[in-house]
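K.L.:
Return a 3D structure for these sequence lines:
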Amino acid sequence: MPAFPSALPAARTPDPMDAPALRWGVLGTGWIAERFVSSVQRHTRQKFTAVASRDAARAKDFAEANNIPGSYGSYEDLVAAGDVDIVYVATEHTAHLACARLALEAGKHTLVEKPIGLDAAEATRIARLAAERGLFCAEALWTFFLPRFDVVRQILDSGVLGEVHTVLADIGEHFGPEHRILRPELAGGPLLDLGTYPVSLATWVLGAPAHIQACGQPHPAGVNGQTSAILRDTHGNQAVVHTTLFSDTPTTATIAGSHATLSLPGPFYQPGDLVLTPSGGGTPLTCAGSRTAHDALHFEAAEAARCIAAGSPQTPLRPLSDSIATLRAMDEIRRLTGITFPRPA
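P.N.:
From the prediction side, this is the model:
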């Protein structure tokens, strides 16, 4: 058993400015697209050459506001453009599969905003198409590309926690009545938007669950309002996850082992601190992290560019098998709680 360390490891994340520059096209002009583009432009050498929306005027406005030279009123026109190397899919969840297929079939490397699909079946279809075409594809679940999570990765790999028996993760945020998360036709509710974070942490640390228990509470808007679940592995180790859109919650995470406990103060899925505490008491170690929130979205773009330049079709930081495993667990949570999503035409 490794001795308790004298200091936490430093992140090994390469400088995003060193990533080879690619030409990016963006499908979608919403909140996450705006923040992704802004972060990538500030912190990397990546170039945005085009943006597309189903509303040409909206695409033009977005392009002008973000200094992007090209804009299109259709997704088909963007993926056909010769000056686009990689497509970032930032559409609503219900369009992720169609847009990812469109980009991959046009021969473009593809980064799909989380969740990569509505369910594991959609994610599997995307993964198979990318493999058939020999193209890079990944889920833009930015958490796993952050320097904070490279430190978590090193702590887990070191064995200093001992056997991990418990993962606790929560995320809750209040939303006003106009937000798309309350629209059933867009696969609303907290599970895909918020719940991806705690469920992905659980499946990453403990692996695919052998058994799941879950319960939910409906929202007056006609979507699920909150969900809690217990995910148990084959050894009986457990993850307890919770997500809600009724309230703001601490949004913290804990990974507890037989020899030490790793705490991630909230928001656990963003840049921030880490605290490692030995079992039975003792002096904790703290790694102070910057709280740059969504300005850290650029790390996933830099990783995609490095993988493509190296000829790697996937990133080891979030392989598509992990994305599928997370969605498979969420499929079971939905089955147990009666949550249904629309099936796109």
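K.L.:
residue ranges for the helices of the stretch 151-300 of the chain, please.
P.N.:
Secondary structure of the stretch 151-300 of the chain (DSSP state H, counting those that start in this stretch): helices at 190, 196-206, 298-309.
K.L.:
In CSV: these, plus mean neighbour count and mean pLDDT.
P.N.:
For every residue, glycine as well, the C-beta is placed using N, CA and C. Output for the helices of the stretch 151-300 of the chain, formatted as CSV (neighbours: other C-beta atoms under 10 Å; pLDDT from 0 to 100):
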stretch, mean neighbour count, mean pLDDT
helix 190, 25, 97
helix 196-206, 25, 98
helix 298-309, 23, 98
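K.L.:
Out of the ones you listed, which is closest to residue 330?
P.N.:
helix 196-206 (5.6 Å; C-beta to C-beta).
K.L.:
Name the residues that touch that closest one?
P.N.:
Residues from elsewhere that reach helix 196-206 (C-beta atoms under 8 Å, 6 or more residues apart in numbering): 114-115, 141, 143-144, 156, 164, 167, 169-171, 209, 229, 231, 233, 237-239, 241-243, 253, 255, 268-269, 322, 325-326, 329-330, 333.
K.L.:
Tell me which residues of stretch 314-323 come out buried.
P.N.:
314, 315, 317, 318, 319, 320, 322, 323 (16 or more other C-beta atoms under 10 Å).
K.L.:
Just the endpoints, please. Distance across it?
P.N.:
With C-alpha to C-alpha, to the nearest Å as the measure, stretch 314-323 spans 12 Å from end to end.
K.L.:
how far does stretch 266-282 sit from the chain's center?
P.N.:
On the basis of C-alpha atoms, centre = their mean, to the nearest Å, stretch 266-282 sits 20 Å off its chain's mean C-alpha point.
K.L.:
Quick check: mean pLDDT of that stretch?
P.N.:
For stretch 266-282, the mean per-residue pLDDT is 96.
K.L.:
likewise stretch 64-82?
P.N.:
Taken as a whole, stretch 64-82 has a mean pLDDT of 98.
K.L.:
now what about that stretch, what contacts it?
P.N.:
Outside stretch 64-82, the residues within contact range by C-beta under 8 Å, 6+ apart are 25-27, 34, 37-38, 41, 48-56, 59-60, 62-63, 83-84, 87, 99, 102-103, 106, 108.
K.L.:
now the helices for the stretch 1-150 of the chain?
P.N.:
Under DSSP H, counting those that start in this stretch, the stretch 1-150 of the chain gives helices at 31-43, 56-65, 75-79, 96-105, 120-133, 147-158.
K.L.:
Switch these over to CSV; also include distance to residue 5.
P.N.:
Below are these laid out as CSV (distance: least, C-beta to C-beta, whole Å):
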stretch, distance to residue 5
helix 31-43, 30
helix 56-65, 46
helix 75-79, 47
helix 96-105, 40
helix 120-133, 36
helix 147-158, 8
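K.L.:
so which of those gets nearest residue 287?
P.N.:
helix 147-158 (5.9 Å).
K.L.:
Show me what counts as buried in the longest helix along the chain.
P.N.:
Across the chain, the helix with the greatest residue count (assigned by DSSP state H) is helix 320-337. Buried residues in helix 320-337, defined by neighbour count with 16+ other C-beta under 10 Å: 320, 322-334, 337.
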